[in-house]
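K.L.:
pasting the structure only:
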């Protein structure tokens, strides 16, 4: 791997790759994922070399050319399958939480994908990290990371295979074998029907190149160390069986060649043989099945069971099945991969399941990596599954040496996976047309789907930095929190309410919210699942209908029903109020003389004048015909009298202009009354008093000398 402008190159031949090109790709990756730092590293002789960095390199205290041990890294564990390529929260993963590099570099979230040569050799890693956890990261984000890694892989050169490099690799492999410098991890096997863990497969992981277990074992065999390494792994696994729950079988890989020479009497002396499953891993034909059968017979007599691995990957695996009549048949992941969309693979898997069933063997599908594959293998009659979709290989203890089984790993071994529930929930979350979110107990958004983000206008990174409290309208927050608290206290399991959300652009979005609490084992609250349906249009339509029902269609002010409702509201609240009863003088005569169109124009203008005089201090309602009611908060007779005079003077001094341009004076007779808290007067009584005052004023005006 050679870079122009980088540190020491892995290869000095051929043109280099511009650092800025790689840095641009890393910058794109980092910004799209919302992470702090990204880098490209290369692997050489058990060391990770940081070739190119982008972003906040000071956050992880790294610079180009720095080196770090691969054995202590996330990278090698991603390569060999112990860690997923995306870790949204490093504290939530037992492996990363225990790795020293997590604390040393302050890693909160991690994404990493291997850079492969055209021949499939691991050259290095493309990684991006953040000091803060990023709960929004999901498998879908791997697309971009893989694209960047693949692009870089096509540009860079493979490391040379000089004699010195080969010698170093040989020495590292010899050291691993002689010092037993490997780790044992376990991957559960689940029953499809119940999700229960029925067994675990023991797998070896190596701290030096070529890292991938199959490649490392192959290199060991070329050096004549294959049998020694296999027997060392077998011995280590058998010594750990007692640390695993009794009802779970332990499967260990072994080649036919190692099975022929293994000292079975000594190896099985201190272990329950009925819990051991030997997985035969030979990919070539066995020359003498009778010798192999004879070597395995003492083991099988004592209760050891046999599994044939990688069935379907080649002719020899079918020969193993026919010759050895195993108790388990493991379908190779090359058949499982994409079985949900490939009819040929489904038919082959079904044929293998039929053959195994006739022989009395249990079929295990390896390499299940998504819900579609899980559904498909179940549909063809396969009863057991194994794969990253269900569990990744993990050590027994929290550290990286074999340790006694703590409560958490034991619970993991014993746990039942809801194969038909939780996994499908992930698909529902991703593809639902309804807004959905997984919300932490503190209100943080752990997962959000595209529908919710489109509804509110936030990106998934923006929502990951927010809480539901921060985007809830203040007037709705208390009711929402109260219902959520009842869930946390165990008084309810779910609730529903309509509430307002504050969108990214400041808009108010009404949502019909349904919340259900999800509990962990022992009924401990774990998180909330929220479904939000956008009902903003419905709310606007309802508000318009309500407004229309409370509005006089001619004058566009409140109608009699709305006015009465305001009076009832004020009375129920114990508040005082004042009313002005207003009547247009000689309106019938005006109507007869100028016509109904002019009369309507006059009513609209009077309504406008009244609303202007009152401003926002009260309500103006058309009470009926040519009568209007003004409702104010004032209960002072002097203030009510001043308001009445202000309204009457405005109409006296500013004639109303009609449609033909002519101006006519308008007189308004106004009577007022007030309800004061505690006076015991009803609404009818107050209105009658105002109406009576209005008629008295009119009578007094009519009796006055001209």
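P.N.:
Good, I have the coordinates. Bear in mind the structure is a predicted one, so any value in this text is a computation, not a measurement.
K.L.:
What ranges does the stretch 501-650 of the chain have for its helices?
P.N.:
Ranges of helices in the stretch 501-650 of the chain, per DSSP state H, counting those that start in this stretch, are 536-549, 560-572, 587-594, 596-614, 637-653.
K.L.:
counting contacts, what elements does the host helix or strand of residue 214 pack onto?
P.N.:
Using DSSP states H and E, residue 214 sits within helix 213-222. Contacts defined by 3 or more C-beta pairs under 8 Å, 6 or more residues apart in numbering; DSSP states H and E place helix 213-222 against helix 163-179, strand 197-205, helix 226-240. (Glycine included, C-beta is placed from N, CA and C.)
K.L.:
Pairing partners for the second one, with directions?
P.N.:
Partner strands and pairing direction for strand 197-205 (DSSP bridges) are strand 183-191 (antiparallel), strand 249-254 (parallel).
K.L.:
can you give me the angle the last one makes with helix 213-222?
P.N.:
Just to be clear, that refers to strand 249-254. Angle, strand 249-254 to helix 213-222, by axes from the mean of the first three to the mean of the last three C-alpha atoms, to 10 degrees: 40 degrees.
K.L.:
So what's the gap between strand 249-254 and the chain middle?
P.N.:
Distance of strand 249-254 from the chain centroid (C-alpha atoms, centre = their mean, to the nearest Å) equals 35 Å.
K.L.:
Check the first one too.
P.N.:
Strand 183-191 has its C-alpha centroid displaced from the chain centroid by 26 Å (C-alpha atoms, centre = their mean).
K.L.:
Give me the contact list for it.
P.N.:
The contact list for strand 183-191 (C-beta atoms under 8 Å, 6 or more residues apart in numbering) reads 82, 196-207, 233, 236-237, 240, 244, 250-251, 364, 383-386, 390-396, 400-402, 412-413, 417, 419.
K.L.:
Try it again at 7 Å.
P.N.:
82, 196-205, 236-237, 240, 364, 383-386, 390-396, 400, 402, 413, 417 (C-beta atoms under 7 Å, 6 or more residues apart in numbering).
K.L.:
And for the shortest one?
P.N.:
Residues from elsewhere that reach strand 249-254 (C-beta under 7 Å, 6+ apart): 198-202, 230, 234, 237, 241, 244, 275-281, 307, 309.
K.L.:
quick check: angle from it to helix 226-240?
P.N.:
For strand 249-254 against helix 226-240, the angle by the same axes, to 10 degrees is 170 degrees.
K.L.:
follow-up on the earlier one: same list, the helices and strands packed on helix 213-222, but as TSV with distance to residue 435 please.
P.N.:
Below are the helices and strands packed on helix 213-222 laid out as TSV (distance: least, C-beta to C-beta, whole Å):
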stretch	distance to residue 435
helix 163-179	52
strand 197-205	35
helix 226-240	47
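K.L.:
Just say which of the ones you listed is most tucked in.
P.N.:
Using mean count of other C-beta atoms under 10 Å, the stretch among the helices and strands packed on helix 213-222 with the greatest mean number of neighbours is strand 197-205 (a mean of 22).
K.L.:
for the stretch 1-150 of the chain, which spans come out with low pLDDT?
P.N.:
For the stretch 1-150 of the chain, the stretches flagged by pLDDT under 70 are 1-17, 119-120.
K.L.:
And the strands in it?
P.N.:
3-4, 17-18, 37-44, 47-55, 67-69, 86-87, 109-116, 122-130 (DSSP state E, counting those that start in this stretch).
K.L.:
got CSV for the ones you listed, with distance to residue 373 too?
P.N.:
Output for those, formatted as CSV (distance: least, C-beta to C-beta, whole Å):
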stretch, distance to residue 373
strand 3-4, 39
strand 17-18, 37
strand 37-44, 30
strand 47-55, 32
strand 67-69, 36
strand 86-87, 19
strand 109-116, 21
strand 122-130, 25
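K.L.:
Could you export those as TSV, including distance to residue 441 and mean neighbour count?
P.N.:
TSV is the format used below for these (distance: least, C-beta to C-beta, whole Å; neighbours: other C-beta atoms under 10 Å):
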stretch	distance to residue 441	mean neighbour count
strand 3-4	46	16
strand 17-18	47	18
strand 37-44	30	25
strand 47-55	31	22
strand 67-69	36	14
strand 86-87	21	23
strand 109-116	20	24
strand 122-130	22	26
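K.L.:
Would you tell me which of the ones you listed gets closest to residue 255?
P.N.:
The closest of those to residue 255 is strand 122-130. By C-beta to C-beta, the value is 23.6 Å.
K.L.:
That closest one pairs with which strands?
P.N.:
strand 37-44 (antiparallel), strand 109-116 (antiparallel).
K.L.:
For the last one, which outside residues touch it?
P.N.:
Counting by C-beta under 7 Å, 6+ apart, the neighbours of strand 109-116 from elsewhere in the structure are 33, 35, 74-75, 78-79, 85-90, 122-130, 132-134, 137, 141-142, 145-146, 149, 152-153.
K.L.:
Could you list the buried residues of stretch 336-351?
P.N.:
By neighbour count on 16 or more other C-beta atoms under 10 Å, the buried set for stretch 336-351 is 336-337, 339-340, 345-346, 348-349.
K.L.:
What of stretch 565-574?
P.N.:
Buried-residue list, stretch 565-574, by 16+ other C-beta under 10 Å: 566-567, 570-571.
K.L.:
Contacts for it next, please.
P.N.:
Here stretch 565-574 makes contact (C-beta under 7 Å, 6+ apart) with 577, 619, 631, 677, 683.
K.L.:
partner residues bridging the first one?
P.N.:
By that I understand residue 577. residue 675.
K.L.:
likewise the one 4 residues further on?
P.N.:
According to DSSP bridges, the partner residues bridging residue 581 are residue 629, residue 671.
K.L.:
Next one: it from residue 517, what distance?
P.N.:
The gap separating residue 581 from residue 517 is 56 Å, by C-beta to C-beta, to the nearest Å.
K.L.:
what about the two, which has more around it?
P.N.:
residue 581 (26 against 20; other C-beta atoms under 10 Å).
K.L.:
What about residue 471, how many residues nearby?
P.N.:
19.
K.L.:
Redo the buried residues of stretch 336-351 as TSV? Include pLDDT and secondary structure.
P.N.:
Formatted as TSV, these follow (pLDDT from 0 to 100; DSSP: H, G, I helix; E, B strand; the rest coil):
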residue	pLDDT	secondary structure
336	90	helix
337	88	coil
339	90	coil
340	87	coil
345	89	helix
346	90	helix
348	90	helix
349	90	helix
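K.L.:
ok, and the closest non-adjacent residue to residue 219?
P.N.:
Closest residue in space to residue 219, ignoring its immediate chain neighbours: residue 173 at 5.7 Å, by C-beta to C-beta, 6 or more residues apart in numbering.
K.L.:
Then residue 47?
P.N.:
In space, and not counting its chain neighbours, residue 47 is closest to residue 67: 5.0 Å by C-beta to C-beta, 6+ apart.
K.L.:
Mind listing residues that contact stretch 548-557?
P.N.:
Here stretch 548-557 makes contact (C-beta under 7 Å, 6+ apart) with 558-559, 561-562, 600, 603-604, 607, 611, 620-622.
K.L.:
same thing but at 10 Å, please
P.N.:
For stretch 548-557, the surrounding residues in contact (C-beta atoms under 10 Å, 6 or more residues apart in numbering) are 547, 558-563, 565-566, 600-601, 603-608, 610-611, 619-624, 628.
K.L.:
helix or strand for residue 461, which one?
P.N.:
Applying DSSP H and E as the criterion places residue 461 in helix 460-464.
K.L.:
Let me know the next secondary structure element after that helix.
P.N.:
Helix 460-464 is succeeded, C-terminally, by helix 474-488 (DSSP H and E).
K.L.:
Thank you, goodbye.
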